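Asker: I need the structure of the sequence given here:
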Amino acid sequence: MPRILVLGIGNLLLGDDGIGPRVVQNLSQRICRSDVDFLDGGTGGLYLLGYLEGYSHLLVIDALDAGLRPGTICRLSPEGIGYGNIKLSFHQTGLGDLLALAKLTGLLPQTVIFGIQIERLDWGMNLSPSVAAQLPLLEGLVLQEIEDICNGGKQGDLYRKEKAEGMVRRCTSLV
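Answerer: I've put the predicted structure just below:
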């Protein structure tokens, strides 16, 4: 049976950067499964390494700035962010650094990253309009991913539908 960790990365006090923790907070109130855990990783960086132990799957939600249309959601693998080559995150050490160290130490589960293109970073707890509008879709995609993992990896209809409408991209690389 798979064990899944849903990890939200970001700072709730920096507008769009708080999307990861916000998704984790919302979904943790909707899902009650013994095989799924939620963690608000905040800006923990490399300190999050120990939390990855014992999981077969890791779903990461984080803000990104890749020059895409604000609100665009990217579904990435760890290789797609270059294992530390670029900073997907806005914190001291990037998500790529954490994943590279996890791979090096043998703690890296099968990983999917959901990044959402920010509109702005500024002080405050409110999301920008373009990111806030995508919050339900992002949560739905994470829920679909959990369902797909628990059902043997079949990709669900929500992802295919939204990909066709251009708001979700399967990004092979941001490097």
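Asker: going forward, measure contacts and count neighbours with C-alpha atoms only.
Answerer: Will do.
Asker: Report the buried residues of stretch 40-51.
Answerer: By neighbour count on 16 or more other Cα atoms under 10 Å, the buried set for stretch 40-51 is 40-46, 48-49.
Asker: which secondary element of the protein has the worst mean pLDDT?
Answerer: One helix or strand of the chain scores below all others by mean pLDDT, DSSP states H and E: helix 157-164, with a mean of 51.
Asker: related to what we said a few turns ago, quick one: which of the buried residues of stretch 40-51 is nearest C150?
Answerer: Within those, the smallest distance to C150 is 21.9 Å, found for D40 (Cα to Cα).
Asker: quick check, distance from the helix or strand containing that closest one to the centre of its chain.
Answerer: Per DSSP states H and E, D40 falls inside strand 36-42. The chain centroid and the centroid of strand 36-42 are separated by 11 Å under Cα atoms, centre = their mean, to the nearest Å.
Asker: ok, now stretch 121-128?
Answerer: 18 Å.
Asker: Report the buried residues of that stretch.
Answerer: The neighbour-count criterion (16+ other Cα under 10 Å) identifies 121, 125-128 as the buried residues of stretch 121-128.
Asker: Might you specify the subset of the residues you listed located within helices?
Answerer: Within those, no residue falls in helices by DSSP state H.
Asker: In strands only, show me the residues you listed.
Answerer: Among these, the subset assigned to strands under DSSP state E is empty.
Asker: Sort those residues by pLDDT and name the bottom one.
Answerer: Among the buried residues of stretch 121-128, L121 carries the weakest pLDDT, at 88.
Asker: Distance check, that residue against L52.
Answerer: In this structure, L121 and L52 are 28 Å apart, going by Cα to Cα, to the nearest Å.
Asker: residues contacting the nearest residue to D16 once chain neighbours are set aside?
Answerer: Nearest residue to D16, sequence neighbours excluded (Cα to Cα, 6 or more residues apart in numbering): L127, at 4.9 Å. Going by Cα atoms under 8 Å, 6 or more residues apart in numbering, L127 touches 15-16, 18-19.
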